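> Predicted model follows, preceded by the sequence.
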Amino acid sequence: MTTQVEPELGQFELLDPKRIRLFKHRGMLCLETETAIHLKVLVARAFPLSRPKRYVGFLTRDNDDIGMVRDPSELDPKTQSLLEEALEKRYFAPKIRKIEAIFREHGNLRWIVDTDLGHRDFAVHDFRENLLNLSGQTMYVTDVDGNRYDIGKLKDLDPASRGILQRWI
């Protein structure tokens, strides 16, 4: 059974968490609904920062909307586990603790940083397009391979890191 979601979410189809299930087939995440089985399903949070535990959407491999679940905690335990695993992969973002250098190289900006997961060296193309500044709350940068890094708040960086970053923003 499906209904329409609150107006703030637009016209997404709301899926009944009791009538859907996620499963893996040949390593692909799949979604079974009342009317179809979708292969290679993608998942996304509608409000990843303000409501990360609510409103999770399911998309086809072509990024077409399948539907949304209002409260993922209502899913069966196996589906919840698979959903959490997929969301962790999608929203994985190492936290940058220190910026050692940022410099231009072959048309990209090369970043050398220390993160909560160790030393990283990555390239960012079109820096203005790949820097997300969320109202001063936190900043994210996306590298050429699509990996996201959590910079945090500019004021929370050490003075040297803040100086390096401010040269580019």
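Noted; the coordinates are in hand. Numbers count the residues shown, from 1 in each chain.
> Show me which helix runs longest in this protein.
If you go by DSSP state H, the chain has its longest helix at helix 77-90.
> so how far is the helix or strand following that helix off the chain centroid?
For helix 77-90, the following helix or strand on the C-terminal side (DSSP states H and E) is strand 96-105. Relative to the centre of its chain, strand 96-105 is centred 22 Å away, using C-alpha atoms, centre = their mean, to the nearest Å.
> on that earlier part again, alpha carbons of the longest helix of the chain, as PDB, please.
Written as PDB, here are the backbone C-alpha positions of helix 77-90 (Å, rounded to 0.1, in the frame of the first residue of the first chain):
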ATOM      1  CA  PRO A  77      15.700  -6.300  10.800                       C
ATOM      2  CA  LYS A  78      17.400  -7.800   7.700                       C
ATOM      3  CA  THR A  79      16.200  -5.000   5.500                       C
ATOM      4  CA  GLN A  80      17.300  -2.500   8.100                       C
ATOM      5  CA  SER A  81      20.700  -4.000   8.200                       C
ATOM      6  CA  LEU A  82      21.100  -3.900   4.400                       C
ATOM      7  CA  LEU A  83      19.800  -0.400   4.300                       C
ATOM      8  CA  GLU A  84      22.300   0.900   6.900                       C
ATOM      9  CA  GLU A  85      25.100  -0.800   5.100                       C
ATOM     10  CA  ALA A  86      24.200   0.900   1.800                       C
ATOM     11  CA  LEU A  87      23.700   4.300   3.500                       C
ATOM     12  CA  GLU A  88      27.100   4.000   5.300                       C
ATOM     13  CA  LYS A  89      28.700   3.400   1.900                       C
ATOM     14  CA  ARG A  90      26.900   6.300   0.200                       C
END
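> for the chain, what are the low-confidence residue spans?
1-11, 135-136 (pLDDT under 70).
> run the last query once more with 90
Applying pLDDT under 90 to the chain picks out residues 1-13, 47-52, 61-63, 88-92, 128, 132-138, 145-147, 169.
> domain assignment for it?
What automatic domain parsing lists as the domains of the chain is 2-90, 96-166.
> how about Asp65, what does it touch?
For Asp65, the contact set (C-beta atoms under 8 Å, 6 or more residues apart in numbering) comprises Phe12, Glu13, Gly57, Phe58, Leu59. (Glycine included, C-beta is placed from N, CA and C.)
> Would you list the buried entries among those?
Buried members of the contacts of Asp65, scored by 16 or more other C-beta atoms under 10 Å, are Phe12, Gly57, Phe58, Leu59.
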